[in-house]
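> structure here, sequence nowhere to be found:
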């Protein structure tokens, strides 16, 4: 305790004693005046001493306060002038009024009167927007800036070292990759050991060079699988060169008259190795579901980026798998009280044909089956088919509305979704929530958006159509369901429409399915009648084709007039027509739909992956057949955006 405070504490006790002394002197004066007089003299002496003590106390107190104030002011001045923190005051015109020496030394120039933009344009923008905390860069150093807009005051704290540690942490985070040889079993079946060994050496040599170049730990886990462990810095380098490993493997193995392709699933952005492994496996499943020969990178936030996917998916379905799936579906049907079949919104011939095929599977198992169809959302190309179905009372009675399906659904109902796997595209999304047991049958490449908790998924991007898949399932039903002429024709029409009369995406299994349907009475003449179009539709489509032009290496682009909206079918048909022209390797048709959205249909012969381009614009589809719909903007905006994505595609990278 300071001395003057100690004295002050004693002073309080002295005052108390003095009061008692005065009282005592008064009593003595009353009885003995001469003794009282002596007491008064003594009291006077005490008062004098007390006054001197008080003066001394006040003097010492003043000196202490003065010294403390000086030290505080000096400490403040030292902090402002010597601490490694920049301080800046600016006026209403955003000109510098004052800075501490730290900032002056940092910039090595006179700052008073200069605009704030002398540091950087970004700093000026952040100050104008009145941000209270932000990062900026000055002289190759990073600073965290605290802004007090009301005081027009900025504090600069150097965080370069902190940022470097953060960047180092991000670069060194672990990444796990799972590598799979898509078609190893198929292409090596029947090969002699010498050829197989030579083929595999091409793959392992390329992978070893790849791992050494990018500092990747890689180990083989089976004949067609590898695991790779690396970091975010290596992943960034791989993304910058667009995973050229895929092309290298395909080209090197192609020299041996066969072509192996790789699929890579990568998990990143997570600290837990277990979760990284799950992300990598999920990414690999996604890459394989999209046809293989590509890389899928999934982060913990769910974002997925894709690279590659530029080659046609190879057919590698087996009849054994088709038979197993067929029997599994039969078992699920038998365990259900009824079966609902639902396709995508605005269903086409493939969706309707596949749905009718699933109805026959339910019928063969002795269960009631129903096709969910929205009468207000019907594709124009299926009008004639639905008119034919209406003439067959037994079959037409199996078509119900979404409202009826919701009312009749029970805990034991089975829902089969055909020709789509995206919950956002089904006819009635509420059925997905109401019905627990769901089966997905689709031929599209798998997207990020997928129906959750399906008890069975039969997705084959190598198939021409969902109708082809369902036809094979019908073939392997133990009870051998009888197909009527119209039912077989509907399935055949679905195959013919999706293959453009067996011109694209057609494999040997496609012709086997068509042959089976033909043997069950499918009427090819009726198919042609169902696919006929009106003359005015043909003329309108020709107008779209008429104004097409070639952009960047065989990319044909056509756009409709904003005053004349087209339906999705005409837009798709115009894209198909453009693809038949000389020197056209891919076609894109842009038009406004009747609901005001902008639609883009894309087609190719396989050299260009239009699915990737459309996915960049939040669409999807197949390598040779894809589309997207844009909710905002004009036809001209869509055209410019499409050109940007085409240019980006040819640079090699794709992400969603």
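Arrived safely, thanks for sending. Please read these numbers as outputs of a predicted model, since none were measured by experiment. Numbers count the residues shown, from 1 in each chain.
> so residue 218 is in which element?
In this structure, residue 218 is located in strand 217-222 according to DSSP states H and E.
> okay, buried residues for that strand please.
Residues residue 218 are the ones in strand 217-222 that count as buried (16 or more other Cβ atoms under 10 Å). Heads up, the C-betas are built off the backbone N, CA and C, glycines and all.
> partner strands of it, parallel or antiparallel?
strand 225-231 (antiparallel) (DSSP bridges).
> buried stuff in the strand it pairs with?
226, 228, 229, 230, 231.
> which one of the residues you listed is nearest residue 519?
Nearest to residue 519 out of the buried residues of strand 225-231 is residue 226 (Cβ to Cβ; 44.7 Å).
> now the closest one, nearest residue through space, not along the chain?
Once flanking residues are discounted, residue 226 sits nearest to residue 179: 4.0 Å by Cβ to Cβ, 6 or more residues apart in numbering.
> can you pull out the strands in the stretch 201-350 of the chain?
Counting by DSSP state E, counting those that start in this stretch, the stretch 201-350 of the chain has these strands, from start to end: 217-222, 225-231, 262-268, 294-299, 304-308, 338-342.
> now those as JSON lines including distance to residue 503 and mean pLDDT?
Output for the strands of the stretch 201-350 of the chain, formatted as JSON lines (distance: least, Cβ to Cβ, whole Å; pLDDT from 0 to 100):
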{"stretch": "strand 217-222", "distance to residue 503": "38", "mean pLDDT": "93"}
{"stretch": "strand 225-231", "distance to residue 503": "36", "mean pLDDT": "95"}
{"stretch": "strand 262-268", "distance to residue 503": "27", "mean pLDDT": "93"}
{"stretch": "strand 294-299", "distance to residue 503": "25", "mean pLDDT": "89"}
{"stretch": "strand 304-308", "distance to residue 503": "25", "mean pLDDT": "82"}
{"stretch": "strand 338-342", "distance to residue 503": "28", "mean pLDDT": "96"}
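> pipe the ones you listed into CSV and attach distance to residue 587 per row.
Shown next, in CSV, are the strands of the stretch 201-350 of the chain (distance: least, Cβ to Cβ, whole Å):
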stretch, distance to residue 587
strand 217-222, 41
strand 225-231, 38
strand 262-268, 28
strand 294-299, 23
strand 304-308, 22
strand 338-342, 31
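> wait, which of those strands is closest to residue 84?
Of these, nearest to residue 84 by Cβ to Cβ is strand 225-231, at 32.7 Å.
> so how far is the closest one off the chain centroid?
23 Å (Cα atoms, centre = their mean, to the nearest Å).
> what does that strand contact?
171-181, 207, 211, 214-221, 264 (Cβ atoms under 8 Å, 6 or more residues apart in numbering).
> of those, buried ones?
Using 16+ other Cβ under 10 Å as the burial test, those include 173, 175-181, 207, 211, 214, 216, 218, 264 as buried.
> and those residues, which two are the farthest apart?
So, the buried ones among the contacts of strand 225-231 by Cβ to Cβ: farthest apart are 173 and 181, at 27.5 Å.
> ramachandran angles for the spatially most central residue of the chain?
For the chain, residue 303 is the residue whose C-alpha lies nearest the centre (Cα atoms, centre = their mean; 2.9 Å). Main-chain torsions, residue 303, degrees, to the nearest 10: phi -70, psi 140.
> renumber starting at 594 from here on
Happy to do that; since the first residue is 594 now, the last one works out to residue 896.
> where does the stretch 594-743 of the chain have low pLDDT?
Applying pLDDT under 70 to the stretch 594-743 of the chain flags residues 594-615, 617-618, 621-623, 626-629, 632, 656-675.
> which stretches in it count as helices?
596-624, 626-675, 694-700, 714-721 (DSSP state H, counting those that start in this stretch).
> just grab the bridge partners of the closest residue in space to residue 739 that isn't next to it in sequence for me.
Using Cβ to Cβ, 6+ apart and skipping the chain neighbours, the partner closest in space to residue 739 is residue 748 (4.2 Å). Following DSSP bridges, residue 748 is listed with bridge partners residue 680, residue 739.
> out of the buried ones among the contacts of strand 818-824, who's nearest residue 1210?
residue 857 (24.3 Å).
> show me what contacts the closest one?
Neighbour list for residue 857: 770-773, 821, 836, 839, 876-877, 880, 887-889 [criterion: Cβ under 8 Å, 6+ apart].
> now it, which residues is it bridged with?
Going by DSSP bridges, residue 857 forms beta bridges with residue 772, residue 888.
> domain parsing for this protein?
With domains defined by automatic domain parsing, the chain comprises 596-674, 678-757, 776-901, 912-1123, 1129-1244.
> quick one: pLDDT of residue 941?
In this model, residue 941 is scored at 89, pLDDT.
> could you check how far the residue nearest to it when sequence neighbours are not counted is from residue 945?
Excluding its sequence neighbours, the residue lying closest to residue 941 (Cβ to Cβ, 6+ apart) is residue 972, at 5.0 Å. Distance, residue 972 to residue 945, by Cβ to Cβ, to the nearest Å: 9 Å.
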